[in-house]
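Participant: Just a sequence and a predicted model for now, questions to come.
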Amino acid sequence: MRIHLGHKASRIHRKLGMVIYNNAIPRDNPEWKRARDLKLPRYSYPQAVGEITKRLTTVAVAGSHGKSTTTTLLGLMLAAGRQDPTVLVGTKVKEFGNKNFRKGKKKYFVLEADEFKRAFLEYRPYAAVVTNVDREHLDVYGNLDGVKEAFLKFLANVNPRGFLVLNKDDANLLSLKDKLEHKKIYWISANGKDAEIARKHIRIPGAHNLSNALLAMRAATALGVPEEKCLKALAAYKGSWRRMEYKGTFRGAKVYDDYAHHPTELQATIRAAHEAYPGKKVWAVFQPHQKERLKLLFQDFVKAFEGLDGLVLLDTYEVAGRDEKPSKITSLALADAVRYGGRSPRQV
């Protein structure tokens, strides 16, 4: 496949079989307009992936947080069970050759199902795993009820002969229980018996990762992988790119890189750091991701840094195509609010 940088209408011609575009591509993009004018078949990325989900036995992993880790673990467990799955995940994975994709030769397709712009509603999986439901992508859904409604639609698209694996410990997800129509639903809890076994094998810190591992294990065993194979894969897994990824030391301090960009994720990562290094001081260097997210969840962000000994805030990362409007809610405003409104940290 030939790769071009930039966008030119001349690259789109009648001999192309189809055009697949990213959801962030605006409708005034020259290549998209040219494809439209030529009446070429056009698919958004989720629509194209959705076609694949209809052809393979797809297990879609959804949730506001923890999708990448859960997807990776499920893929590794299926591989350990000689199921040779194809895996598409939202991070780079060492076991996949530092790529976000694993090409398998058998029927299973493990897919990270992102809810941004309702992408996951394009998928038709055989089974689904949901880690949690939270106030995320509010620029798309408006409020928590809107998020819940979308997840219900996603779950309704799961094959009735398949199954659901859901996190019982997440109150928002559990609140949907009476609206689910599938006959085969596995509710997983970190307070169950399986959690004690998993704790002895897991090597990535944090209660959230234990939950992710349990969900992956239940899905894998439901697909025929022996528990001992799942535990072996779990014990060998040390994490993925930007998922509390160890980077080295700086002046004696251990440095980790994590993609946490939501208040819930920040708190989970901070707790995981304290779990990994009890009694040690924990600092964070944080860059808010998207102005609109910072604005809509501002008060949650103010409280999200509880447990830190120090905090360094960078300017907000502006997402192309999503942060067009100016905002008075900035990293400086967050710094002031944390410094004077939160209980910790005091050093900001």
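Facilitator: Structure received.
Participant: contacts and neighbour counts: CA atoms only from here.
Facilitator: OK.
Participant: Quick check, Lys99 in contact with Val93.
Facilitator: Yes. Contact criterion CA atoms under 8 Å: Lys99 and Val93 qualify, at 5.6 Å.
Participant: quick one, which of those two is more surrounded?
Facilitator: Val93 (21 against 15; other CA atoms under 10 Å).
Participant: any idea where the helices of the stretch 1-150 of the chain begin and end?
Facilitator: 30-37, 45-55, 67-80, 138-141, 144-156 (DSSP state H, counting those that start in this stretch).
Participant: burial count for Glu136?
Facilitator: Neighbours of Glu136 (other CA under 10 Å): 23.
Participant: And it, how far from Leu266?
Facilitator: Using CA to CA, to the nearest Å, we find Glu136 at a distance of 13 Å from Leu266.
Participant: swap in Gly192?
Facilitator: From Gly192 across to Leu266, the span is 25 Å (CA to CA).
Participant: Let's have the helices of the stretch 1-150 of the chain in JSON lines, adding mean neighbour count.
Facilitator: Conversion of the helices of the stretch 1-150 of the chain to JSON lines gives the following (neighbours: other CA atoms under 10 Å):
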{"stretch": "helix 30-37", "mean neighbour count": "17"}
{"stretch": "helix 45-55", "mean neighbour count": "17"}
{"stretch": "helix 67-80", "mean neighbour count": "27"}
{"stretch": "helix 138-141", "mean neighbour count": "16"}
{"stretch": "helix 144-156", "mean neighbour count": "18"}
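Participant: Could you identify which of those helices has the lowest mean pLDDT?
Facilitator: Least confidently modelled of the helices of the stretch 1-150 of the chain is helix 138-141, at a mean of 92 by mean pLDDT.
Participant: Which neighbouring elements make contact with that helix?
Facilitator: The contact analysis (3 or more CA pairs under 8 Å, 6 or more residues apart in numbering; DSSP states H and E) places helix 138-141 against helix 144-156, helix 291-296.
Participant: where along the stretch 101-250 of the chain do the strands fall?
Facilitator: 108-112, 127-130, 163-167, 185-188, 245-250 (DSSP state E, counting those that start in this stretch).
Participant: for the ones you listed, which one sits closest to Met1?
Facilitator: For the strands of the stretch 101-250 of the chain, the distance to Met1 is smallest for strand 108-112, at 22.7 Å, taking CA to CA.
Participant: Contacts for the closest one next, please.
Facilitator: 53, 56-62, 67-68, 71, 74-75, 83-90 (CA atoms under 8 Å, 6 or more residues apart in numbering).
Participant: and with 6 Å instead?
Facilitator: 57-61, 71, 85-89 (CA atoms under 6 Å, 6 or more residues apart in numbering).
Participant: Please identify which of those residues is nearest to His201.
Facilitator: Within the contacts of strand 108-112, the smallest distance to His201 is 18.0 Å, found for Thr71 (CA to CA).
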